[in-house]
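Chemist: with the sequence up front, the predicted model follows.
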Amino acid sequence: MSVSIPASAPHAIRVTRLNKHFANGRHALCDIDLQIDQGEMVALIGASGSGKSTLMRHLAGLIAADRNSASEIHINGNTVQSRGRIARDVRRVRAGVGMVFQQFNLVGRLPVLTNVLVGQLHRTHWLRSLTGWFTREERAHAIQALARVGIAQQAHQRASTLSGGQQQRAAIARTLVQQARVVLADEPIASLDPESSRRVMEILTRINREDGVTVLVSLHQVEMALRYCPRTIALSAGRVVYDGPSAALTPELLRALYGTQTDEFSGLEIGEDAQRRDSATPELAMAQAA
Ligand code: ADP
Ligand code: MG
């Protein structure tokens, strides 16, 4: 199934002049401007401490930007926060946003199926959600989601008995049950072995392509960004230093980003155009100067 998106559709994610100082004075996000269209799959890269998680948490409305700044965040046309104030109806907006974290965030002692059913609690009457009672249809829907991520067999096991890769797939199944139109995944493969990482990235790619779900995924591994995400946004010290095709990332930019002296990035398969390029784009020049 491929999903066509009307030209007039609002951006899936729109961030304007986002600034965040922490109480200790740290300027963690500096004038971030970005727009992500519905149906895009975008990598967010940057060294540890560059602001990836802080940006994700702002997008989810879990942290407010600087008070009285011009900071604005909209998801699917709905305000998440404006001028440092979280929207009153942020829960409603968040209902359409699936979140996936490095640490899986499942309740270990509960069955996988129950963990996944939680994804649809925002549509459940409060009495039913208190008793944890779900309809047959809801259960069937959750099993279907588990089948899509390849772990229907494990539905009745406690979540804690699953491998890390399987737990992360359950977390993705939860976003499917939630019918999230935007998925924010913060370093979802940072704790996984290469094979599990590959499966998780392939599942994210599939829900992006088949369901038209917008995916923003932060990654420490640049090669994963190159392989799975057509577009990459790179952060350095809280600023966007690159936003463009992943294929146009250069070893120079990557070295500037990660401050590495090694040739670790020279073997990466990057776009031929990028390799042939003599002069850097403004974004690249900025990154190199930083
Ligand atoms: P990343 O996810 O890219 O590793 P983070 O978003 O976690 O980076 O952190 C960005 C910067 O903000 C770091 O310098 C970090 O130390 C700082 N930071 C993050 N959270 C807080 C906080 N609650 N209070 C103060 N500083 C913070
Ligand atoms: Mg982080």
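Modeler: Thanks, I have the structure now. Ligands and ions are numbered 1, 2, ... in the order given.
Chemist: so which residues on the chain come close to ligand 2?
Modeler: 52, 53 (C-beta under 5 Å from the ion). Quick note: C-beta positions are derived from backbone N, CA and C, even for glycine.
Chemist: ok, which stretches of the chain are helices?
Modeler: 52-59, 90-94, 112-117, 126-131, 136-148, 164-177, 194-211, 222-228, 251-258, 272-276, 282-289 (DSSP state H).
Chemist: out of the ones you listed, which comes closest to ligand 1?
Modeler: helix 52-59 (3.3 Å; C-beta to the nearest ligand atom).
Chemist: what about the stretch 51-200 of the chain, any weak spots by pLDDT?
Modeler: 122-132 (pLDDT under 70).
Chemist: for ligand 2, give me its nearest residue in it.
Modeler: residue 53 (3.2 Å; C-beta to the ion).
Chemist: quick one: residues contacting that residue.
Modeler: Going by C-beta atoms under 8 Å, 6 or more residues apart in numbering, residue 53 touches 186, 187, 218.
Chemist: from those, list just the buried residues.
Modeler: Neighbour-count burial (16 or more other C-beta atoms under 10 Å) is assigned, among the contacts of residue 53, to 186, 187, 218.
Chemist: out of those residues, which sit inside strands?
Modeler: Counting by DSSP state E, these place 186, 218 in strands.
Chemist: can you tell me which residues in the stretch 51-200 of the chain are near ligand 1?
Modeler: 51, 52, 53, 54 (C-beta under 6 Å from any ligand atom).
Chemist: burial count for the second one?
Modeler: The criterion is other C-beta atoms under 10 Å. On that basis, residue 52 has 23 neighbouring residues.
Chemist: residue 59 reaches residue 71, doesn't it?
Modeler: No - here residue 59 does not reach residue 71: they are 11.7 Å apart, not a contact under C-beta atoms under 8 Å.
Chemist: before we move on, back to that, I'd like the buried ones among the contacts of residue 53 laid out as TSV, including distance to residue 66.
Modeler: Below are those laid out as TSV (distance: C-beta to C-beta, whole Å):
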residue	distance to residue 66
186	21
187	25
218	22
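Chemist: which of the buried ones among the contacts of residue 53 sits closest to residue 209?
Modeler: Distance to residue 209 across those (C-beta to C-beta) is lowest for residue 218, with 19.9 Å.
Chemist: bridged to that closest one, which residues?
Modeler: For residue 218, the beta-bridge partners are residue 44, residue 186 (DSSP bridges).
Chemist: contacting residues for it?
Modeler: 43, 44, 45, 46, 52, 53, 56, 185, 186, 187.
Chemist: quick check: of these, which lies closest to residue 86?
Modeler: The closest of these, once distances to residue 86 are taken by C-beta to C-beta, is residue 56, at 14.9 Å.
Chemist: can you count the residues close to the closest one?
Modeler: 22.
Chemist: please name the residues that touch it.
Modeler: 44, 184, 186, 216, 218.
Chemist: nearest spatial neighbour of residue 27, skipping sequence neighbours?
Modeler: Counting by C-beta to C-beta, 6 or more residues apart in numbering, residue 27 lies nearest to residue 21, which is 5.3 Å off, once chain neighbours are set aside.
Chemist: state the number of residues packed around the closest residue to residue 15 other than its chain neighbours.
Modeler: Leaving aside its sequence neighbours, residue 15 sits nearest to residue 34 (C-beta to C-beta, 6+ apart; 4.9 Å). By the criterion of other C-beta under 10 Å, residue 34 has 19 neighbours.
Chemist: distance check, residue 34 against residue 239.
Modeler: 11 Å (C-beta to C-beta, to the nearest Å).
Chemist: what's the neighbour count on the nearest residue to residue 50 once chain neighbours are set aside?
Modeler: Closest residue to residue 50 apart from its sequence neighbours, by C-beta to C-beta, 6+ apart: residue 235 at 4.2 Å. Residues lying near residue 235 (other C-beta under 10 Å) number 25.
Chemist: ok, residue 235 to residue 46 distance?
Modeler: Taken as C-beta to C-beta, the span from residue 235 to residue 46 is 4 Å.
Chemist: find residues that contact each of those two.
Modeler: In contact with both residue 235 and residue 46: residue 52, using C-beta under 8 Å, 6+ apart.
Chemist: report the contact partners of residue 96.
Modeler: 75, 76, 78, 178, 179, 180, 181, 182 are the contacts of residue 96 under C-beta under 8 Å, 6+ apart.
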